[in-house]
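# can't give you the sequence, but here's the structure:
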């Protein structure tokens, strides 16, 4: 859910665009910039208007981007594998420092691996040095160690979180209630295993801003009703129409074939009636948390109520940078142009690393008022 930051910091983000982006470099647990070895640099020297970070909840690599560096101090263009900005395990921790009146707050932006240095220029004697860094989130460590050898599945009836801990090369934050692992689960690789195990908890893989593996609730927009954050921004809505609605929902339990919750629109006066010209359009959800018939029936009814309305769509929101938002957050957006109020789940974010630029995000809408 949204980062736990002081209300004063959120107010500063909404009322002031005075901020700066600060990057710190690490090699393993060792902070390399700033450090005594590089006294010229109080932080990694980001260039003005420096790059961007893209977040996408529907990708295995959920955050990636780039940043540009430039300075006249000691040359940091990497040449050896252990240099502070080389792409061999080196990482950047990025924060946004928000200023308001005489105070400031540091909002964590995430921990990223340096995946590539696609370009660099070393003309220190003439005009300094510059470099571009391509960044990826720490799921890169999971993907890089994907091979599991002889491990083809978990221990049956074991704790799901305990099995994830065995597999994860990252620290673990246990964010959802634990569950035992049913029979029949097999692994195709480390990331596939972690994804399946977190799905057994009703979640999907996520990272904390410090780079720990955790889980967020899957399909949060279908069930959440209380927003974890409120954002003031401008909502861009496509005026077109499509038939991407559902008039039939089936909810199953992958561990119990007898559980099947079904909800359909059967009113002949409704244009989405399953017997009407549109026909039946079914969306299926498989959720191990649906361990009773009553839960499955209730979930099917809830999902149908949202997925059968025109409000079940994605809109783009532009706003002052709100780095407290996280993928999967169920939030409220107050449209400053129309005064409409939108509720939904954040699934995609674009963060310019230019401290003066606006950010944008995609909202999977659950409700509009």
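Sure, I can see it. The structure presented is a predicted model; accordingly, all values stated were derived computationally and were not measured.
# quick one: the helices in the stretch 51-200 of the chain?
All helices of the stretch 51-200 of the chain, identified by DSSP state H, counting those that start in this stretch, fall at 124-127, 139-144, 160-167, 190-199.
# what about the first one, average pLDDT?
The average pLDDT for helix 124-127 rounds to 56.
# Scan this structure for its longest helix.
helix 293-307 (DSSP state H).
# Which neighbouring elements make contact with that one?
Judged by 3 or more Cβ pairs under 8 Å, 6 or more residues apart in numbering; DSSP states H and E, helix 293-307 is in contact with helix 220-223, strand 248-253, strand 256-264, strand 282-286. Any C-beta I mention is one placed from the backbone N, CA and C, and that applies to glycine too.
# Any buried residues in it, and which?
For helix 293-307, a neighbour-count test (16 or more other Cβ atoms under 10 Å) marks 295, 296, 297, 298, 299, 300, 302, 303, 304, 306, 307 as buried.
# Take the helices and strands packed on helix 293-307 and write them to CSV, including mean neighbour count.
Output for these, formatted as CSV (neighbours: other Cβ atoms under 10 Å):
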stretch, mean neighbour count
helix 220-223, 20
strand 248-253, 22
strand 256-264, 16
strand 282-286, 14
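# could the ones you listed go into CSV alongside mean pLDDT and distance to residue 120?
Converted to CSV, these look like this (pLDDT from 0 to 100; distance: least, Cβ to Cβ, whole Å):
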stretch, mean pLDDT, distance to residue 120
helix 220-223, 84, 41
strand 248-253, 94, 53
strand 256-264, 95, 56
strand 282-286, 92, 48
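# For residue 363, find the nearest of those.
Nearest to residue 363, of all the helices and strands packed on helix 293-307, is helix 220-223, at 8.6 Å by Cβ to Cβ.
# rewinding a little: possible to save the helices and strands packed on helix 293-307 as TSV with distance to residue 334?
Formatted as TSV, those follow (distance: least, Cβ to Cβ, whole Å):
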stretch	distance to residue 334
helix 220-223	18
strand 248-253	30
strand 256-264	31
strand 282-286	30
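# Nearest to residue 119, out of those?
Once the helices and strands packed on helix 293-307 are compared by Cβ to Cβ, helix 220-223 is nearest, at 39.0 Å.
# list the helices and strands that closest one packs on?
So helix 220-223, by 3+ Cβ pairs under 8 Å, 6+ apart, packs with helix 293-307, strand 341-352, strand 359-368.
# 10 Å instead, please
helix 293-307, strand 330-335, strand 341-352, strand 359-368 (3 or more Cβ pairs under 10 Å, 6 or more residues apart in numbering; DSSP states H and E).
# distance between stretch 227-238 and the chain's centre?
Put simply, stretch 227-238 sits 17 Å off its chain's centre (Cα atoms, centre = their mean, to the nearest Å).
# Buried residues, it. List them.
Counting neighbours by 16+ other Cβ under 10 Å, one finds that the buried residues in stretch 227-238 are 227, 228, 229, 231, 233, 235.
# Over to stretch 24-32?
24, 25, 26, 27, 32.
# what separates the residue minimising distance to the centre of the chain from residue 211, distance-wise?
Among the residues of the chain, the one closest to the centroid is residue 327, at 3.3 Å (Cα atoms, centre = their mean). Residue 327 is 15 Å from residue 211, where distance means Cβ to Cβ, to the nearest Å.
# Same question for residue 351.
Residue 351 is 17 Å from residue 211, by Cβ to Cβ.
# picking up where we left off before, could I get the helices and strands packed on helix 220-223 as TSV with distance to residue 49 and mean pLDDT?
Below are the helices and strands packed on helix 220-223 laid out as TSV (distance: least, Cβ to Cβ, whole Å; pLDDT from 0 to 100):
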stretch	distance to residue 49	mean pLDDT
helix 293-307	40	90
strand 330-335	27	96
strand 341-352	8	94
strand 359-368	14	90
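# can I get the ones you listed in JSON lines with distance to residue 203?
Putting those into JSON lines (distance: least, Cβ to Cβ, whole Å) gives the following:
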{"stretch": "helix 293-307", "distance to residue 203": "15"}
{"stretch": "strand 330-335", "distance to residue 203": "14"}
{"stretch": "strand 341-352", "distance to residue 203": "13"}
{"stretch": "strand 359-368", "distance to residue 203": "16"}
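# what number of residues lie near residue 176?
If you count neighbours by other Cβ atoms under 10 Å, residue 176 ends up with 18.
# what stretches of the stretch 1-150 of the chain score poorly on pLDDT?
For the stretch 1-150 of the chain, residues meeting the criterion pLDDT under 70 lie at 1, 16-17, 123-127.
# Lovely, talk soon.
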